[in-house]
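Asks: Return a 3D structure for these sequence lines:
(chains A and B)
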Amino acid sequence: GAGVSQSPRYKVAKRGQDVALRCDPISGHVSLFWYQQALGQGPEFLTYFQNEAQLDKSGLPSDRFFAERPEGSVSTLKIQRTQQEDSAVYLCASARPPGEKLFFGSGTQLSVL
Amino acid sequence: QQQVKQSPQSLIVQKGGISIINCAYENTAFDYFPWYQQFPGKGPALLIAIRPDVSEKKEGRFTISFNKSAKQFSLHIMDSQPGDSATYFCAARGTNAGKSTFGDGTTLTVKP
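Replies: Reported below is the predicted structural model:
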């Protein structure tokens, strides 16, 4: 596609529900990143893939957060047992080597009630 | 620990004026410093970036000034236009480190 595509665009979850957020990167982009952006703040790193390998997951806030990219293209960020503090915009970005210029999607806005 | 500090938090400039946003970093392992522009409801978009081996980079109306010894860099927007009204983020990325560390953003308003 022309850009990074994220779905759903908006997600409302009740506290305790599990959610799955999808990212379709730009075709051919090896690197894929997930960021969390709270209202009025800059994006915070969550995790990073190079192809299917998850090279850095140091930013995942807890073991409730899990990301995968099994075939090196589409990625899914899963949040189990959502909490109110998980409410944020979740941004996905992709890049071709060497991975400096990030192309961001429009994000998924998650609201946990 | 905030590794990239950005100021000001908000900025109002008249059309045609110069907008200046500043960032300071702590980690000397950073070697790539991009600026991103974000409109409401959209993801950040890369505007311009610099490496520490140069002190200035200009692309159109946008200029990055970089001071390696002070560990500071700034974005200058010349001839600011109402269409430049957006939130701007500085960021820093380390060698072979996938992640970028972002500042907290500056909301720029350009008044007609």
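Asks: Tell me which other helices or strands the strand or helix carrying residue B:90 touches.
Replies: Assessed by DSSP states H and E, residue B:90 sits inside strand B:86-94. Packing partners of strand B:86-94 (3 or more Cβ pairs under 8 Å, 6 or more residues apart in numbering or on different chains; DSSP states H and E): strand B:4-7, strand B:19-25, strand B:30-38, strand B:72-77, strand B:100-102, strand B:106-111. For the C-beta atoms, the positions are set from N, CA and C on the backbone; glycine is no exception.
Asks: what about the last one, near chain A?
Replies: Read it as strand B:106-111. No: using Cβ under 8 Å from any Cβ of the partner chain, strand B:106-111 stays clear of chain A, with a minimum separation of 8.7 Å.
Asks: what does that strand contact?
Replies: With Cβ atoms under 8 Å, 6 or more residues apart in numbering or on different chains as the test, strand B:106-111 has contacts from B:6-15, B:17, B:19, B:21, B:77, B:80-89.
Asks: Among the residues you listed, name the buried ones.
Replies: B:6, B:11, B:13, B:19, B:21, B:77, B:80, B:84-89 (16 or more other Cβ atoms under 10 Å in any protein chain shown).
Asks: Among these, which one sits closest to residue A:22?
Replies: Using Cβ to Cβ, residue B:89 comes nearest to residue A:22 of the buried ones among the contacts of strand B:106-111, at 24.2 Å.
Asks: Any idea what that closest one is bridged to?
Replies: residue B:36 (DSSP bridges).
Asks: Wait, it touches residue A:41, no?
Replies: No: between residue B:89 and residue A:41 there is no contact under Cβ atoms under 8 Å: 9.7 Å.
Asks: Need the overlap of contacts for these two.
Replies: Contacts common to residue B:89 and residue A:41, judged by Cβ under 8 Å, 6+ apart, are B:104, B:105.
Asks: before we move on, back to that, out of the helices and strands packed on strand B:86-94, the one nearest residue A:98 is which?
Replies: strand B:30-38 (9.4 Å).
Asks: hang on, residue B:84 packs against residue B:19?
Replies: Yes: in this structure residue B:84 lies within contact range of residue B:19 using Cβ under 8 Å: 7.0 Å.
Asks: Overlap of the contact sets of those two?
Replies: B:77, B:108, B:110.
Asks: Closest one to chain A out of these, please.
Replies: Set against chain A, the nearest of the shared contacts of residue B:84 and residue B:19 by Cβ to the nearest Cβ is residue B:108 (14.4 Å).
Asks: Just the pLDDT for that closest one.
Replies: As predicted, residue B:108 sits at a pLDDT of 98.
Asks: so how many other residues sit close to it?
Replies: 21 (other Cβ atoms under 10 Å in any protein chain shown).
Asks: what residues are up against the residue nearest to it when sequence neighbours are not counted?
Replies: Distances taken as Cβ to Cβ, 6 or more residues apart in numbering or on different chains put residue B:11 closest to residue B:108, at 5.0 Å, once the chain neighbours are dropped. Contact analysis of residue B:11 by Cβ under 8 Å, 6+ apart lists B:19, B:21, B:106, B:107, B:108, B:109.
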